[in-house]
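S.K.: missing the sequence, but the structure's below:
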């Protein structure tokens, strides 16, 4: 079996991985790098791909998959919930692109028609290999992928989280007979605040602002993070209005139809019945005058209704902007966090509202990544991907020195025999 790396190596974004036997080739994810212009993984001829397996909806994993439907119809494997959330994000990506993309809505529609739903833990055979999807605990419907062929077993974690959240059950992946592990290393250099402690601090901070007549803006990813934050507020009996806007609304409707993927379906349904849904500009203008919490994409303030909200909420010192998503360097959210300013409609504005970051990550922290590698047995080769600032190399060095595993941080274009 041969594993190839088309992107997502020593960087976060545009991930693409091939697993190839003598007769069959799988493509695991094919994402984009969202910079000023989108970056794509290395090209692979569609005719050489027998199956595309998608771990989850985020664009750094899914955003380039429609390329395979410009000509031809490669089979796509994921579950229906993840497919619907992927559709939302790629539609938005196409709609907002101020630059050339090599595909359009018609390719997205073809991609959706070519999907084959796969339940967790059910083996699926394509060619002379088989695979199964396993709950990854990252976003609703997210998966890790176990591939078996040529007498070898390879696990790709995708983005994963072994800790339970309000929304999802953590990944429970346990194998001790793997030949290779391809593992994300996004947070190989840091741990997250214990979740219950973080939730209490967050809800207390929101309550403090709104009790005093202020508005809290929570820029949040529309898929997963927005729903998690709403569920946290509801579970902690937050007594003030919680307002949901942007793509988070449609994603929430989709997730309501996939409740079997959730840790506590009743909590989510109750949460969605308790929030106020923004349906237009009148609701938005009312929201900024109402002491409340507003949850709105984009999570890094790069677009969506959150840009309107911060232009209003940010002007007053009694308001707050609580960032609950990772802020990539160069984004307006990162600029806000580091300098207290935000570029809105091309204008740099000083933000008077209180700005804080709460680390509601849906990735494993360093301790969880290391704990996971401790449980994979003593023989697999480890490939660390999906990490920047030296994190892939950092996790590899630890796996070598502490566990005596054969480990590598591959570079784009490299392939390895297993």
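M.R.: Ah, there it is. Keep in mind the model is a prediction, meaning the values are calculated, not measured.
S.K.: for residue 181, helix, strand, or coil?
M.R.: strand (DSSP: H, G, I helix; E, B strand; the rest coil).
S.K.: ok, now how distant is it from residue 42?
M.R.: Applying CB to CB, to the nearest Å, the value for residue 181 to residue 42 is 22 Å. C-beta here means a position set from N, CA and C on the backbone, and glycine is covered the same way.
S.K.: what's the answer for residue 227, then?
M.R.: 34 Å.
S.K.: more crowded one of these two?
M.R.: residue 227 (29 against 14; other CB atoms under 10 Å).
S.K.: Could you pull up the residues touching that one?
M.R.: 140, 167, 248, 251, 252, 255, 268, 271 (CB atoms under 8 Å, 6 or more residues apart in numbering).
S.K.: what residues are up against residue 393?
M.R.: So residue 393 contacts 10, 384, 409 (CB under 8 Å, 6+ apart).
S.K.: Closest to residue 299 out of these?
M.R.: Lowest distance from residue 299 to the contacts of residue 393 (CB to CB) belongs to residue 10, with 23.6 Å.
S.K.: Setting aside sequence neighbours, what's the nearest residue to that closest one?
M.R.: residue 392 (5.1 Å; CB to CB, 6 or more residues apart in numbering).
S.K.: Also residue 96?
M.R.: With CB to CB, 6+ apart, the residue lying closest to residue 96 is residue 303, at 6.1 Å.
S.K.: ok so the one you found is a helix residue?
M.R.: No. Residue 303: not assigned to a helix; according to three-state DSSP it is coil.
S.K.: thinking again about what came up before, can you add neighbour count and secondary structure and give the contacts of residue 393 back as JSON lines?
M.R.: Shown next, in JSON lines, are the contacts of residue 393 (neighbours: other CB atoms under 10 Å; DSSP: H, G, I helix; E, B strand; the rest coil):
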{"residue": "10", "neighbour count": "20", "secondary structure": "coil"}
{"residue": "384", "neighbour count": "28", "secondary structure": "strand"}
{"residue": "409", "neighbour count": "22", "secondary structure": "coil"}
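S.K.: Can you show me the strands along the stretch 151-300 of the chain?
M.R.: Per DSSP state E, counting those that start in this stretch, the stretch 151-300 of the chain carries strands over the ranges 152-156, 180-184, 216-219, 242-244, 276-277, 293-296.
S.K.: Select, out of the ones you listed, the one closest to residue 348.
M.R.: Closest among the strands of the stretch 151-300 of the chain, using CB to CB: strand 216-219, at 17.7 Å.
S.K.: Could you give the average pLDDT over that closest one?
M.R.: Throughout strand 216-219, pLDDT has a mean value of 98.
S.K.: So what's the gap between it and the chain middle?
M.R.: From the chain centre to the centre of strand 216-219 is a distance of 19 Å (CA atoms, centre = their mean, to the nearest Å).
S.K.: Use 14 as the first number for this chain going forward.
M.R.: I'll keep to 14 as the first residue from here, and by that count the last item is strand 229-232.
S.K.: Any chance you could list what contacts it?
M.R.: Under CB under 8 Å, 6+ apart, the answer for strand 229-232 is 219, 222-223, 239, 242, 305-314, 319, 322-323, 326-327, 332-338, 346, 366.
S.K.: Narrow these to those in helices?
M.R.: 219, 222, 223, 239, 242, 319, 322, 323, 326, 346 (DSSP state H).
S.K.: To residue 67, which of the strands of the stretch 164-313 of the chain lies closest?
M.R.: strand 165-169 (11.4 Å).
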